[in-house]
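A.B. asks: structure for this input, please:
(one chain, ligands or ions: 1)
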Amino acid sequence: MNPVVIAVAITGSVPRKKDNPAVPTTPAEQVESTQAAFEAGASLVHIHVRNPDESPSSDPALFAQVQEGVRKHCPGMIVQFSTGGRGRDPSARGNALDLRPDMASLSTGSVNFPTIVYENGAALVTELATRMQTFNVRPEIELFDLSHIHGARRLIDAGLMDERPHVQVVMGVKNALPAEEHLLDMMLSEIRRVLPKATWTAAGIGVNQSRVMEWVLARNGDGVRTGLEDNIRISRDRLAGSNAELVAMAAELAGRHGRRPATPAEARAALGIAAPGLAA
Ligand code: ZN
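C.D. replies: This next block holds a predicted model:
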């Protein structure tokens, strides 16, 4: 069995420190939390940064600090910046891409979120994809709905992305795609038809985290995603103590399916990302 790429979404954009103080929000906390998660088996870190008041930030200086710390303390780990929109000015969402992280998240369409419309108009999607291509940043396509698969195809056809994108089905966001197993199969069948060379993973939000992981592992997905961005609880009565604790749980679950966590080199090979420092 191929090793599984464990992605850790360490922080997210929703202020949660009041709900779980283990959510890292300063660059120093984020690097420390990432290092522990890396040592527990994560090979990819998904990063949002926060202002001192915990609101979401687009400040490239903060992204730079986290990236520098991760590169230093987690050798080879894939650095992925979020270009997500919650609480951020649309025009600033791509402004840290010139720091050349290995990857960046990219949503290819709009969707309802719990309290807002998550707007990803075609022009903004094209602009972000163009910047990613310019700076050799590999996109991870976030699929919140079926039409977003076709949004990814549009970018390939426009020459903005290669034929082998990495895609992630996001399930269980309130008002968006519910976390239901048959819906993952429906999405996968369309992914295989429209993006036949794509690597894939899925993320379950909140209480859905471990069940979505089970579905991915049962279907031999390329990666799983965990972390305090998506889920701050181990169970109804117990908060997660750290990102590393969630990664250890994901690694254990993978082991039950006969898979082990991918090393950084294996993760890079699987997702088509050059070794750090070798990017064009
Ligand atoms: Zn995110």
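A.B. asks: tell me where the chain has helices.
C.D. replies: Secondary structure of the chain (DSSP state H): helices located at 27-39, 60-73, 122-134, 147-157, 181-194, 209-218, 243-256, 264-271.
A.B. asks: which helices and strands sit right next to the first one?
C.D. replies: Contacts defined by 3 or more Cβ pairs under 8 Å, 6 or more residues apart in numbering; DSSP states H and E place helix 27-39 against strand 44-47, helix 60-73, helix 243-256. Glycine gets a C-beta too; all of them are placed from N, C-alpha and C.
A.B. asks: give me the pLDDT for the residue of the stretch 101-250 of the chain found nearest the ion.
C.D. replies: Among all residues of the stretch 101-250 of the chain, residue 229 sits closest to the ion, at 5.2 Å; criterion: Cβ to the ion. pLDDT for residue 229: 96.
A.B. asks: what number of residues lie near the residue nearest to it when sequence neighbours are not counted?
C.D. replies: Once flanking residues are discounted, residue 229 sits nearest to residue 12: 3.0 Å by Cβ to Cβ, 6 or more residues apart in numbering. Counted with other Cβ atoms under 10 Å, residues neighbouring residue 12 total 24.
A.B. asks: what does the one 5 residues further on give?
C.D. replies: The number of residues packed around residue 17, counting by other Cβ under 10 Å, is 15.
A.B. asks: tell me which parts of the stretch 51-200 of the chain are close to the ion?
C.D. replies: Contact residues, the stretch 51-200 of the chain versus the ion (Cβ under 5 Å from the ion): 82, 84.
A.B. asks: what residue in the stretch 51-200 of the chain comes nearest to the ion?
C.D. replies: At 4.3 Å from the ion, residue 82 is the closest residue in the stretch 51-200 of the chain, using Cβ to the ion.
A.B. asks: let me see the contact set for that residue.
C.D. replies: For residue 82, the contact set (Cβ atoms under 8 Å, 6 or more residues apart in numbering) comprises 13, 46-48, 104-105.
A.B. asks: can you add pLDDT, distance to residue 255 and neighbour count and give those residues back as TSV?
C.D. replies: Below are the contacts of residue 82 laid out as TSV (pLDDT from 0 to 100; distance: Cβ to Cβ, whole Å; neighbours: other Cβ atoms under 10 Å):
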residue	pLDDT	distance to residue 255	neighbour count
13	87	31	18
46	98	22	27
47	98	27	26
48	96	29	27
104	98	30	28
105	97	27	20
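A.B. asks: and the two most separated of these?
C.D. replies: 13 and 104 (14.4 Å; Cβ to Cβ).
A.B. asks: tell me the contacts of the residue nearest the centre of the chain?
C.D. replies: Nearest residue to the geometric centre of the chain (Cα atoms, centre = their mean): residue 46, 4.9 Å. Residues in contact with residue 46 (Cβ under 8 Å, 6+ apart) are 7-10, 80, 82, 105, 225, 227, 229.
A.B. asks: same check on residue 55?
C.D. replies: Residue 55 neighbours (Cβ under 8 Å, 6+ apart): 15, 87.
A.B. asks: the same query, at a cut-off of 10 Å, please.
C.D. replies: By Cβ atoms under 10 Å, 6 or more residues apart in numbering, residue 55 lies in contact with 13, 15, 87-88.
A.B. asks: got it, and residue 215?
C.D. replies: Counted by Cβ under 10 Å, 6+ apart, residue 215 has contacts 169, 171, 179-181, 183-185, 188, 202, 204, 208, 221, 224.
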